[in-house]
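**Q** got a predicted model here, sequence first, then my questions.
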Amino acid sequence: MYSAKTSMMQMSKNKRPDIINGNITKTLIVLSAPIILSMLLHTAFNIIDAIFIGRLSSDALAAITLTFPIIFFIIAIGSGIRIGTTSLIARFIGAKKIDEARQVASHSIIIGIMITILSIILGLVSIDNIFIFMGADYNVIALATDYINIIFYGIVIMYMSFILNGILHGEGDMRTPMKALVIAVILNIILDPLLIFGIGPFPTLGIKGAAIATVIARISGLVYLMFHFISRKSTITPIIHGFKYDNKIIRKILSIGIPASLSTASMSISFIIITSFVARFGSEAIAAFGAAGRVESIAALPTLAIASVVITMVGQNAGNKRYDRSKKTIKSAIKLVALAMILLTSILITFPDIFIKVFSEDPTVISTGSEFLSIAPLGFLFMAIIMIIGAGFQGLGKGMPVLIITLTRLFVINIPLAYYLAFIKDWGLKGIWWSFVIATLVTAIMSVLWFRKDMKKLDKKEQIKENID
């Protein structure tokens with residue numbers, strides 16, 4: 001029998017940093033390194049497609065820009081469940097409740113199946129209307145529809161991969177998800193040119209070929225993850241024999257997962273609205289926005305990686321009642337991302353055109369995208385602070401602060417300000433770019449104040465613990 005004792009013995013043998021007692025900064029760096037590579041590889045999925053598709057035409061590049069908010073929405077749902085799974089499993093591991101952690105793993109898979117069915121139904125019903133709302137040309141919409149329809153066949157693959165990654169992250173295993181992505185990205189790099197341009201015996205499929213290559217590549221990554229669990233290499237394996245359905249576990253996962261999903265999904269909705277603003281300036285503006293956004297997504301990788309580690313570390317330490325370490329983890333993470341963002345912002349603002357030329361040779365696209373990268377990165381540091389503090393809340397099992405902060409940033413500040421600056425003040429695209437910076441600055445201040453308030457509560461909990469001891 002695969003008991004809790006066996007799991008704890010296996011965990012002790014794994015060569016991973018000591019999350020409960022080890023050096024906090026060193027642990028953040030060591031655990032985030034494979035996640036940075038994993039996220040870089042994940043971003044490479046979209047970037048590789050964009051590079052090859054950009055060689056087809058500006059309309060083709062604009063088309064995958066239109067699909068981004070749809071794909072981002074799918075990712076939002078999956079990543080929310082992943083975050084809920086990671087947080088709950090981490091807290092159970094910190095409390096040395098391994099059997100309960102395995103029950104969480106099983107329940108998260110059930111949730112994954114349910115959201116797969118729901119997402120496919122909603123997607124097939126609403127895709128055409130979303131593209132029309134975004135205001136692109138008919139040719140661009142037709143290409144976007146060809147691409148996204150194929151991507152929908154891989155939704156179940158994406159969701160299952162997210163959940164299995166969430167289980168692994170909860171126990172502190174960041175390397176296995178990275179290995180799965182290495183396999184998937186290598187396969188995607190090989191298949192992309194073959195299927196897009198029809199090299200050798202392969203048919204010329206254009207933008208459809210990019211979508212097919214992505215789906216096949218994601219399948220290969222999921223197969224690797226499944227083999228890892230089936231071969232019992234994971235500490236926390238889903239329970240089959242002895243599984244007990246428990247609504248409380250579902251609610252605990254969703255109490256973190258739903259706000260996280262809504263938070264990320266709201267970014268997708270916001271992107272759709274902002275893209276509709278950008279679309280008023282032509283297809284080249286959409287293509288530039290998409291290319292610059294991909295550069296921005298790479299720059300965000302260090303913050304995203306460290307934020308993922310923060311969820312695990314804060315969760316395990318909170319489960320172990322080490323609230324002092326939870327607080328120190330958040331503060332150390334902010335210092336690390338601040339250094340990274342200052343460096344990356346300096347590089348992007350100094351050499352913006354170099355990065356846009358990777359995606360397009362169109363002079364208008366290069367000029368517009370370079371303008372974006374000379375303004376928007378000024379908000380990177382503020383965004384990094386928001387993300388780390390949000391991850392800290394999620395690690396503690398608090399989902400609502402992240403949602404409230406995100407909704408405030410996007411719908412109270414960013415979207416209204418973008419419209420006002422672009423069309424009422426007549427700043428054009430510059431007004432949209434500056435709205436990103438201002439919105440992140442205001443909500444970063446909001447996040448810090450909220451963080452300080454909750455830290456005082458954690459201090460009181462720690463004092464109570466010391467008094468009891």
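**A** Yep, it's here.

**Q** when you work out contacts or count neighbours from here on, use the C-alpha atoms and nothing else.
**A** OK.

**Q** any idea how far the nearest residue to M455 once chain neighbours are set aside is from K457?
**A** Counting by Cα to Cα, 6 or more residues apart in numbering, K327 is the residue found nearest to M455 once chain neighbours are left out, at 6.8 Å. Separation of K327 from K457 (Cα to Cα, to the nearest Å): 11 Å.

**Q** who has more neighbours, the two?
**A** Legend: neighbour count by other Cα atoms under 10 Å for K327 and K457, higher for K327 (21 against 12).

**Q** was I right about the more buried one contacting K453?
**A** No: using Cα atoms under 8 Å as the test, K327 is too far from K453 to be in contact (11.9 Å).

**Q** does I19 count as helix, strand or coil?
**A** coil (DSSP: H, G, I helix; E, B strand; the rest coil).

**Q** point out the other helices and strands that the helix or strand hosting G390 packs with.
**A** Assessed by DSSP states H and E, G390 sits inside helix 380-395. Counting contacts by 3 or more Cα pairs under 8 Å, 6 or more residues apart in numbering; DSSP states H and E, helix 380-395 is packed against helix 58-94, helix 301-319, helix 323-350, helix 400-407, helix 429-468.

**Q** where's the residue nearest the centre of the chain relative to F243, distance?
**A** The centre of the chain sits closest to S79, judged by Cα atoms, centre = their mean, with a distance of 6.4 Å. Per Cα to Cα, S79 is found 24 Å from F243.

**Q** what of N23?
**A** Counting by Cα to Cα, the gap from N23 to F243 is 37 Å.

**Q** returning to what we had before: report the angle between the helix holding G390 and helix 400-407.
**A** 150 degrees (axes from the mean of the first three to the mean of the last three Cα atoms, to 10 degrees).

**Q** helix 380-395 to helix 429-468, inter-axis angle?
**A** Helix 380-395 and helix 429-468 meet at an angle of 40 degrees, taking the same axes, to 10 degrees as the criterion.

**Q** buried residues, helix 380-395. List them.
**A** Neighbour-count burial for helix 380-395 flags 380-395 (criterion: 16 or more other Cα atoms under 10 Å).

**Q** what average pLDDT does it get?
**A** For helix 380-395, mean pLDDT is 94.

**Q** and for stretch 34-50?
**A** Rounded mean pLDDT across stretch 34-50 is 74.

**Q** what's the burial count for S276?
**A** Counted with other Cα under 10 Å, the neighbours of S276 add up to 19.

**Q** roughly how far does it sit from T65?
**A** Distance from S276 to T65, by Cα to Cα: 12 Å.

**Q** swap in F359?
**A** For F359 relative to T65 (Cα to Cα), the value is 12 Å.

**Q** neighbour-wise, which of these two wins?
**A** Remark: of F359 and T65, F359 carries more neighbours, 28 against 23, as counted by other Cα under 10 Å.

**Q** spatially nearest residue to that one (excluding sequence neighbours)?
**A** Nearest to F359 is I51, by Cα to Cα, 6+ apart, at 5.1 Å.

**Q** contact partners for the one you found?
**A** Each residue near I51 by Cα atoms under 8 Å, 6 or more residues apart in numbering is listed here: V358, F359, S360.

**Q** what bits of the stretch 51-200 of the chain have low per-residue confidence?
**A** Of all residues in the stretch 51-200 of the chain, none has pLDDT under 70.

**Q** all helices for it, in order.
**A** Under the criterion DSSP state H, counting those that start in this stretch, the stretch 51-200 of the chain contains helices at 58-94, 98-133, 138-151, 155-171, 175-197.

**Q** what's in contact with the last one?
**A** Same thing as helix 175-197. 34-35, 37-38, 41-42, 44-45, 48-49, 52-53, 165, 168, 199-200, 202-210, 212-214, 216-222, 224-225.

**Q** this completes my enquiry, with thanks.
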